[in-house]
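Asker: Sequence plus predicted model, see below.
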Protein chains: 6
Amino acid sequence: DDHEAMDSDDTWLPSLMTDTPQEGFALAVTLSQKGVGTTQPDAEVRKAQRPEYAEEPDSLIAASHVIATHFQTVAAANDYWRE
Amino acid sequence: DDHEAMDSDDTWLPSLMTDTPQEGFALAVTLSQKGVGTTQPDAEVRKAQRPEYAEEPDSLIAASHVIATHFQTVAAANDYWRE
Amino acid sequence: DDHEAMDSDDTWLPSLMTDTPQEGFALAVTLSQKGVGTTQPDAEVRKAQRPEYAEEPDSLIAASHVIATHFQTVAAANDYWRE
Amino acid sequence: DDHEAMDSDDTWLPSLMTDTPQEGFALAVTLSQKGVGTTQPDAEVRKAQRPEYAEEPDSLIAASHVIATHFQTVAAANDYWRE
Amino acid sequence: DDHEAMDSDDTWLPSLMTDTPQEGFALAVTLSQKGVGTTQPDAEVRKAQRPEYAEEPDSLIAASHVIATHFQTVAAANDYWRE
Amino acid sequence: DDHEAMDSDDTWLPSLMTDTPQEGFALAVTLSQKGVGTTQPDAEVRKAQRPEYAEEPDSLIAASHVIATHFQTVAAANDYWRE
C-alpha cells in the first residue's frame, strides 16, 4: 500500500477536511510521509530505512516537526474543529 | 500509559480547546510526543531512547521547537485564550 | 526539463491557485525543488546528488519539512480548497 | 527557581497577554525553556548542560529559532501590541 | 553587486509587493540571501563558501527551507496574488 | 553596544512597528541576535564565536532561518507595510 500511496495518478488527497482533530492529525502524518515519498519514491528503500531512523531520536524529533507543520495547515483548514 | 496513548483506536485528541494557556501547552507537548510515537510505535524503544536524547542539549532544543510549533496551532485554536 | 525549470526567463509560477489539494501538494514540491535549484542551478550536479540524499533518512525528512512549509502557503492561498 | 518553574502543579502560564513587546519576548524565552524542561525535567542536568551548548554557536542559533517561533504566537496573541 | 546589496545605506527592500508569484519567489530568495549577508557581510567570504555548500544536499535543502519561510511572508503580503 | 543590548533593564523593544520593510528586516535581525544573547549573555563569548560560525555556511543558513521567522512576525505586525 506504500506503493499505491505514491502513485501520482491516484487521488490520495481529495480534501483537507476531517471530522475530528484526531483524523486531522492522521492526515498530517500522511502528508509528512508523502513528502518523503516524493523525494524517495522507491517504497522498498523507504522500508529499509525505517529501522535506521526509527532508532535515532533526532530523526524521530525531526519527523515529529514535519507532522506539526502539516497539522498547522490541516487544523487551520478545519477552522480548528470549533463548534 | 505510553502504549495506550499510541493505540490508534482510542480517542486521544477529542478537541484542541483547553481552558487555560497552560493546559494548551501541555496539549502541545502531547501532540509532539504523538508525532514521535507515530514513527516509532514501540513504547519500549522510545523509553530506551529517552536517557540518550535527554542528555543531549541539541535534541532538547529540537524537541522544544516541535512543541512551539504545536503550541502555535493550539493557541490559535483557542483564540489565544483572550477574554 | 530540470534545466528548463530553472531558466528564470520562463514563467514557471503563474499562480498559486490549484483545483485540488493534491495539485497544491504537487506545487509545494515544485516550490521546494525550485528553492534548491536557485542555490545550485546546475541540473547535472543536482541529479548527481539525488542518489546520495535519497538514501539518507534525515535528508528526506528535511526535504519533507520544506514541502510542508510551502504547502502551508499554497493551502492558505487556495483558502484550503473549502467549498 | 528553575525547579519551581518546572513544577507542573504550579500555574506558570496564566495568560499570553503582556503589556509590551519586550515582555512578550521574555515570555517567548520562558516558553522555549519550558519546552526543554518538559523533556528533561531535572534542573540539575539542565544546568550542567548549559555551559556546553552556550559555547556552541549552532545550539545558540537553534535556541533562538525556538524563541522566534514562540514569539510569533505571543505577538499574535497580543495583536502585535498595536495601539 | 553582492557588495552593493549588503550596503545598509541603500534601499534594497522598498516593498514586499510584487506583480506575480514568481517575482515574489525571487524576492524570497533575496531575503534569504540578505539574512546570510547580515551575519557574514564579507561578499568575498560568501562567494568562497558557495562551491562548498552548493555541493552539499543538506545545505541546499536548508537554504530552500529559508526561502520557503520568506515566501510565506511575501505571499501573505500580496494576498497570494488572488485576482 | 552588544552589552547594552543585552541589559534587560533597558527598553530595547518598544514596538514592532517600523516605517519601512527594510527597517522591519533590521528589527528581525535584532530579535534573532537577542534570542542568542538570552542564552549566552556574555558578549565577549558571542564575539569570540562569530568568526567561527560566520565561516560555516550551515550556521549562516540557520541564522538566516531565524531572521526569516522573526520577519514573518514583524511583517504581520506592520500589515506588510501595505498602503
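Answerer: Right, received. Where do you want to start?
Asker: so how many other residues sit close to A:T18?
Answerer: 18 (other C-beta atoms under 10 Å in any protein chain shown). Heads up, the C-betas are built off the backbone N, CA and C, glycines and all.
Asker: do you know how far it is from chain B?
Answerer: Going from A:T18 to chain B by C-beta to the nearest C-beta, to the nearest Å gives 11 Å.
Asker: got it, and A:D58?
Answerer: According to C-beta to the nearest C-beta, A:D58 stands 6 Å off from chain B.
Asker: tell me which parts of chain A are close to chain B?
Answerer: A:20-22, A:25-26, A:29, A:53-55, A:57-65, A:67-69, A:71-72, A:75-76, A:80-82 (C-beta under 8 Å from any C-beta of the partner chain).
Asker: A:A76 against B:A77, yeah?
Answerer: No: at 9.1 Å, A:A76 and B:A77 do not qualify as touching, with contact defined as C-beta atoms under 8 Å.
Asker: ok, the residue of chain A found nearest chain C - contacts?
Answerer: Closest residue of chain A to chain C, C-beta to the nearest C-beta: A:G35 (3.1 Å). Residues in contact with A:G35 (C-beta atoms under 8 Å, 6 or more residues apart in numbering or on different chains) are A:V66, C:V29, C:A63, C:S64, C:H65, C:I67, C:A68.
Asker: quick one: the first one and C:I61 touch, right?
Answerer: To tie it back to what came earlier, the one meant is A:V66. Yes: here A:V66 reaches C:I61: they are 6.2 Å apart, a contact under C-beta under 8 Å.
Asker: Endpoint to endpoint, stretch A:47-63 covers what distance?
Answerer: Using C-alpha to C-alpha, to the nearest Å, the gap from the first to the last residue of stretch A:47-63 comes to 15 Å.
Asker: With neighbour numbers in mind, choose between A:V66 and C:I61.
Answerer: When A:V66 and C:I61 are compared for neighbours, A:V66 comes out ahead with 29 against 25, by other C-beta under 10 Å.
Asker: Please identify the helix or strand for the residue nearest to the more buried one when sequence neighbours are not counted.
Answerer: Spatial nearest neighbour of A:V66, excluding adjacent residues (C-beta to C-beta, 6 or more residues apart in numbering or on different chains): A:S32 at 4.3 Å. Per DSSP states H and E: A:S32 is located in helix A:21-39.
Asker: what about A:A48, distance to A:Q40?
Answerer: Here the criterion is C-beta to C-beta, to the nearest Å. By it, A:A48 lies 10 Å from A:Q40.
Asker: Between the two, point out the one with more neighbours.
Answerer: Neighbour count, other C-beta under 10 Å: between A:A48 and A:Q40, A:Q40 has more, with 21 against 11.
Asker: how about the residue lying closest to that one once chain neighbours are set aside, what does it touch?
Answerer: Using C-beta to C-beta, 6+ apart and skipping the chain neighbours, the partner closest in space to A:Q40 is C:A54 (4.6 Å). Residues near C:A54 by C-beta under 8 Å, 6+ apart: A:T39, A:Q40, A:V45, C:L60.
Asker: most neighbours, which of the residues you listed?
Answerer: C:L60 (26 neighbours).
Asker: For that one, give me its contacts.
Answerer: A:V36, A:T39, A:Q40, A:Q49, C:Y53, C:A54.
Asker: so the helix or strand containing it versus helix A:21-39, what angle?
Answerer: Using DSSP H and E, C:L60 sits in helix C:57-77. Per axes from the mean of the first three to the mean of the last three C-alpha atoms, to 10 degrees, the angle that helix C:57-77 makes with helix A:21-39 is 120 degrees.
Asker: how far does helix C:57-77 sit from the chain's center?
Answerer: Distance of helix C:57-77 from the chain centroid (C-alpha atoms, centre = their mean, to the nearest Å) equals 8 Å.
Asker: related to what we said a few turns ago, now the contacts of A:G35 as TSV including pLDDT?
Answerer: Listed next are these as TSV, based on pLDDT from 0 to 100:
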residue	pLDDT
A:V66	98
C:V29	97
C:A63	96
C:S64	97
C:H65	98
C:I67	98
C:A68	98
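Asker: Among the contacts of C:A54, which pair sits farthest apart?
Answerer: Taking C-beta to C-beta, the two most distant members of these are A:T39 and A:V45; they sit 10.7 Å apart.
Asker: Out of the helices and strands in chain A, which is least certain?
Answerer: Lowest on mean pLDDT, DSSP states H and E among the helices and strands of chain A sits helix A:2-6, with a mean of 42.
Asker: Grab the nearest non-local neighbour of A:H65.
Answerer: Nearest non-adjacent residue to A:H65, counting by C-beta to C-beta, 6+ apart: B:V66, 4.7 Å away.
Asker: Contacts only, for that neighbour.
Answerer: B:V66 sits next to A:I61, A:S64, A:H65, A:A68, B:S32, B:G35 when contact means C-beta under 8 Å, 6+ apart.
Asker: so how far is A:A63 from it?
Answerer: Plainly put, B:V66 is 10 Å away from A:A63 if you go by C-beta to C-beta.
Asker: Kindly indicate which of the contacts of B:V66 lies nearest chain D.
Answerer: B:S32 (8.5 Å).
Asker: What confidence value was assigned to the closest one?
Answerer: Note for B:S32: predicted pLDDT of 97.
Asker: Verify the stated contact: it with B:I67.
Answerer: Yes: contact criterion C-beta under 8 Å: B:S32 and B:I67 qualify, at 4.9 Å.
Asker: Those two: which has the busier surroundings?
Answerer: Per other C-beta under 10 Å, whichever of B:S32 and B:I67 has more neighbours is B:I67, with 30 against 27.
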